[in-house]
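Asks: Quick one, what's the 3D model for this:
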Amino acid sequence: MRFENARIFGDEKIVSLSELTNSKNLLELRENLLCPIRGCSARLSYISAKNPYLKTKNKSSHSDDCPYRNVEEYRIYLRKNESKRRVTLDEGQVQGRLGSMMDYIYPNRKKKTKEKTNKSLSNKKGKKYLSAGTKEKAVAGLEKSDTSTTVEKAKGIRVPTKRLNQIYRLDENEIFKIPAIVEGIVKKNDKHYVFYIRGIDTDTDGKILLKESFFSRNVQGINGMLDFLKSSVENSRGEIRIAFLGLLTDSTNLTFELVRDFDFKLFKDGKQYTLAEFVDHEFRNNG
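Replies: Numbering: from 1, shown residues only. This next block holds a predicted model:
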């Protein structure tokens, strides 16, 4: 977890993160940082990043009576169980893992040969997925050119859904599906937009950052579409909602970062749109 303050070894002085960042003796101080709770011997690391932060040093543990101990242990538990939390296996994947385990235990066992098939399988919604073993992408909502995602990996990802008023500090650096209302859009430059959002049925506010990674696929006309969405919000052409997959980068200010342009959908008048579909529909009806 991240800390806002640290204790200096020796004189027990408490210093804030901003004081450390602006200190002329940072190089010396960063070697003597302890947990801010007096009596706790856990050492802290000062991470020099675009937004510096303090965290518990690797292999350093908080004292038994430190209130941060259970929090740290919970974070470690989450990291170790990431694959269990994130992935669900279908029957074929379960059988594959059981087979691998049996191979390990009984390396000389006889195995039945399995014929390869080119038949496609259908999910409950009727979307077709190619049989396991193929390299082609056929996942609903993902581009076929997205070489970072295989069929099996995309089918296994489970992203938890949360509302803005359900976000906690422990959720930082996790990906969530968030529903919200778009309140405003600010364009910093062609590769940096900020969406200001409000929670549905709450007064909780947050932000969505669209930075360089969002524009990495160089989608033709993406800036024009975002600018059209910006003008639609500013001209109050009805409430526009958004559902997006965002990485929580700041729990205090509820700031999320979008990394791919197809990771959000827009909703207006009860209908769902991709960004391109929204622009086309609004332009034809209000242009």
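
Asks: what pLDDT, on average, does the strand or helix carrying Glu183 get?
Replies: Element membership of Glu183, judged by DSSP states H and E, is strand 175-189. In this model, strand 175-189 has a mean pLDDT of 93.

Asks: buried sites along that strand?
Replies: Neighbour-count burial for strand 175-189, with 16 or more other CB atoms under 10 Å as criterion, is recorded at Ile175, Phe176, Ile178, Pro179, Ala180, Ile181, Val182, Ile185. Yep, even glycine has a C-beta here, placed from its N, CA and C like the rest.

Asks: Who does the following helix or strand past that strand pair with, and is each partner parallel or antiparallel?
Replies: The element immediately downstream of strand 175-189 (helix or strand, assigned by DSSP H and E) is strand 192-199. Counting by DSSP bridges, the strands paired with strand 192-199 are strand 175-189 (antiparallel), strand 205-210 (antiparallel).

Asks: Show residues contacting stretch 50-69.
Replies: Under the contact criterion CB atoms under 8 Å, 6 or more residues apart in numbering, stretch 50-69 has outside partners 1-6, 17, 20-21, 33, 35, 37, 39-47, 72.

Asks: So which bits of that stretch are buried?
Replies: Of all the residues in stretch 50-69, those buried under the rule 16+ other CB under 10 Å are Tyr53, Leu54, Thr56, Ser61, His62, Cys66, Tyr68, Arg69.

Asks: rewinding a little: got the strands paired with strand 192-199 as a markdown table, with distance to Asn286 columns?
Replies: Listed next are those as a markdown table, based on distance: least, CB to CB, whole Å:
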| stretch | distance to Asn286 |
| --- | --- |
| strand 175-189 | 17 |
| strand 205-210 | 24 |
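
Asks: Nearest approach to Thr161 belongs to which of those strands?
Replies: strand 175-189 (4.4 Å; CB to CB).

Asks: CA atoms of the closest one as PDB?
Replies: Once non-C-alpha atoms are left out, strand 175-189 reads as follows in PDB (Å, rounded to 0.1, in the frame of the first residue of the first chain):
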ATOM      1  CA  ILE A 175      -9.100  -2.600 -13.200                       C
ATOM      2  CA  PHE A 176     -12.800  -2.200 -12.800                       C
ATOM      3  CA  LYS A 177     -15.900  -1.800 -14.900                       C
ATOM      4  CA  ILE A 178     -17.500   1.500 -13.900                       C
ATOM      5  CA  PRO A 179     -20.900   2.900 -14.900                       C
ATOM      6  CA  ALA A 180     -21.200   6.700 -14.700                       C
ATOM      7  CA  ILE A 181     -22.600   9.900 -16.200                       C
ATOM      8  CA  VAL A 182     -20.400  12.100 -18.300                       C
ATOM      9  CA  GLU A 183     -20.400  15.700 -16.800                       C
ATOM     10  CA  GLY A 184     -17.800  17.300 -18.900                       C
ATOM     11  CA  ILE A 185     -14.800  16.700 -21.200                       C
ATOM     12  CA  VAL A 186     -11.500  18.700 -21.300                       C
ATOM     13  CA  LYS A 187      -9.100  18.400 -24.200                       C
ATOM     14  CA  LYS A 188      -5.500  19.000 -23.000                       C
ATOM     15  CA  ASN A 189      -4.000  18.000 -26.400                       C
END
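
Asks: Please state the offset of it from the chain centre?
Replies: Shown here is strand 175-189, whose average C-alpha point lies 14 Å from the average C-alpha point of the whole chain (CA atoms, centre = their mean, to the nearest Å).

Asks: repeat for stretch 200-210
Replies: Computed by CA atoms, centre = their mean, the separation of stretch 200-210 from the middle of its chain amounts to 16 Å.

Asks: I figured Lys263 hits Leu245, correct?
Replies: One thing to correct before we go on: residue 263 is Asp, not Lys. Yes: in this structure, Asp263 is within contact of Leu245 by CB atoms under 8 Å, at 4.2 Å.

Asks: Understood, closing this out.
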